[in-house]
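quick check, what structure comes out for this input:
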Amino acid sequence: MASGVDGRVRRGQLTREAILDAYVALMREGSLRPPAAAIAERAGIPLRTLWAHFKNTENLLVQAVDRWISDDDQHRGSVDPDLPLDERVARFCAERVRRMTNIGPAAAAAALADLDAPAVHAQRRAYLLGARDEAAEVFAAEIRAADDPEALTDALAVATSYSAWHFLVTDCERAPAAAARTMELSVRALLGA
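Numbering: from 1, shown residues only. Predicted coordinates for the structure are as follows:
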């Protein structure tokens, strides 16, 4: 009897994974708000099964973005704060560009849902503050020496944010390599490098 329950639980987990896989794939393909029917079709399940596993679209988005961030965190490179400034800037910006490229569709979907979805807003805010903390850690020496450490930390967070990246790549139609150069130039200017 217990193995039957375990089998049902495992099938339920596999179905949830298939739904999240489908949702993430559709977002990666550019559909930031894919219709539930498209998600269910991609996952190979009936629409009612999608809603049995995820009660609403906010819950589905939160879990998809959580998965995306978790996957991205596993591939995150660290930058040694003791490296020379030029090398830290180059490595930090390269890592931010990698993350912006990887997590871009999830960030865009979260930004679209942010105003209407408190859980998405909290998730997005935590991610952005985490990115700010990374900049503060990598450039701690320069921040401590600044006239206004908090303003410098905020400026670094803005210059390396998804919002800035999106503005350059999407709104200004810059190639990712050009946006990466702009990011690095901004960080170097802020730090006097």
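
what lies in contact with the helix or strand encompassing Ser70?
Taking DSSP states H and E as the definition, Ser70 sits inside helix 57-74. For helix 57-74, the external contacting residues (Cβ atoms under 8 Å, 6 or more residues apart in numbering) are 19-20, 23-24, 27, 36, 39, 50, 54, 99, 102-103, 106, 109-110, 113, 116-117, 119-120, 123-124, 127. In this view, the C-beta of every residue, glycine as well, is placed from N, C-alpha and C.

just the buried members of these?
Using 16 or more other Cβ atoms under 10 Å as the burial test, these include 19-20, 23-24, 27, 36, 39, 50, 54, 99, 102-103, 106, 109-110, 113, 117, 120, 123-124, 127 as buried.

just to revisit the earlier point, quick check: buried residues in the helix holding Ser70?
Thr57, Leu60, Leu61, Val62, Gln63, Ala64, Val65, Arg67, Trp68, Ile69.

stretch 129-137 too?
Buried, per 16+ other Cβ under 10 Å, within stretch 129-137: Ala131, Arg132, Glu134, Ala135, Ala136.

same deal with stretch 180-190?
Buried residues in stretch 180-190, counted by 16+ other Cβ under 10 Å: Ala180, Thr182, Met183, Glu184, Ser186, Val187, Arg188, Leu190.

check the fifth one and give its pLDDT.
By that I understand Ser186. What the model reports for Ser186 is a pLDDT of 97.

relative to Gly192, how far out is Thr160?
17 Å (Cβ to Cβ, to the nearest Å).

tell me which of the two has more neighbours.
Taking other Cβ atoms under 10 Å, Thr160 and Gly192 do not tie; Thr160 has more neighbours (25 against 9).

can you give the domain ranges for the chain?
The chain breaks down by automatic domain parsing into domains covering 2-54, 69-191.

so how far is the first residue of the last one from its last?
Meaning domain 69-191. 28 Å (Cα to Cα, to the nearest Å).

next SSE after the least confident helix or strand in the chain by mean pLDDT?
Scoring the helices and strands of the chain by mean pLDDT, DSSP states H and E places helix 57-74 at the bottom, with a mean of 81. Per DSSP H and E, the first helix or strand lying C-terminal to helix 57-74 is helix 85-113.

now that next one: mean pLDDT?
85.

which positions in that helix come out as buried?
88-93, 95-97, 99-100, 102-111, 113.

now for that helix, which elements pack on it?
Under the contact definition 3 or more Cβ pairs under 8 Å, 6 or more residues apart in numbering; DSSP states H and E, helix 85-113 sits against helix 2-28, helix 57-74, helix 118-138, helix 162-166, helix 176-191.

with distance to Thr153 added, can I get those in CSV?
Below are those laid out as CSV (distance: least, Cβ to Cβ, whole Å):
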stretch, distance to Thr153
helix 2-28, 30
helix 57-74, 21
helix 118-138, 5
helix 162-166, 15
helix 176-191, 10
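
tell me which of the ones you listed sits nearest to Leu156.
helix 118-138 (4.2 Å; Cβ to Cβ).
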